[in-house]
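Q: Build me a model from this:
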Amino acid sequence: MLGFKNIERVKPSGLDLKDRLVGVQRVTKVTKGGRAFGFSAIVVVGDEKGVVGFGLGKSKEVASAIAKAVEDAKKNLIRIPLEGHTIPHEQESRYGGAQIFMRPASHGTGLIAGGAVRAVLESVGVHDVLSKSKGSSNPHNVVKATMVALMSLRSPSEIARLRGIPVGKVFKG
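A: Okay, here's the model as predicted:
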């Protein structure tokens, strides 16, 4: 998913997944017989406990485009490391023209995010985070930039394991 090799993939069986529709676009194919209209949908699914995935679906009808997007999202589930109800550290990422910045926030701050970023973070289960979306507001690229940022997150235990030190020493200088 988006070129990452060391992420933990998750099987959808046994999970209580909730899907969120991020956007539906009407697309047009011009043929010699006239215009053929179709729909493209982007959906985010997650269990609100650290598992999330996104999917794209295209069809002649809106309902079947959404159904295809949900099925695609269930095939691309990954686990995100969380620290309580926030992210472990600051993260910035880009995808296409979309640029996302996320910062952990203290308990009670709330989810300060808009549109597509909010849908992804709600699906993951993040309740307290500060985020800013810069550049393109194209929902496809914003969702992908947010997913790249989430896939780049590392838990303190993972950092400690990679460095070969106890978790307590990760935060001490």
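
Q: For the nearest residue to Met102 once chain neighbours are set aside, pull up the helix or strand it's in.
A: Once flanking residues are discounted, Met102 sits nearest to Ser131: 4.6 Å by Cβ to Cβ, 6 or more residues apart in numbering. Heads up, the C-betas are built off the backbone N, CA and C, glycines and all. If you go by DSSP states H and E, Ser131 is part of strand 129-135.

Q: if we can go back for a sec, contacts only, for the residue nearest to Met102.
A: 100-103, 112-113, 117, 121 (Cβ atoms under 8 Å, 6 or more residues apart in numbering).

Q: please redo it, this time with the cut-off set to 10 Å
A: 87, 91, 100-103, 105, 111-114, 117-118, 120-121, 146, 149 (Cβ atoms under 10 Å, 6 or more residues apart in numbering).

Q: Buried ones among those residues?
A: With neighbours counted by 16 or more other Cβ atoms under 10 Å, the contacts of Ser131 contain buried members at 87, 91, 100-102, 105, 111-113, 117-118, 120-121, 146, 149.

Q: can you tell me which of those lies nearest to Gly46?
A: Nearest to Gly46 among the buried ones among the contacts of Ser131, counting by Cβ to Cβ, is Val120 at 8.0 Å.

Q: How about that closest one, nearest residue that isn't a chain neighbour?
A: Val120 sits nearest to Thr146 (Cβ to Cβ, 6+ apart), 4.5 Å away.
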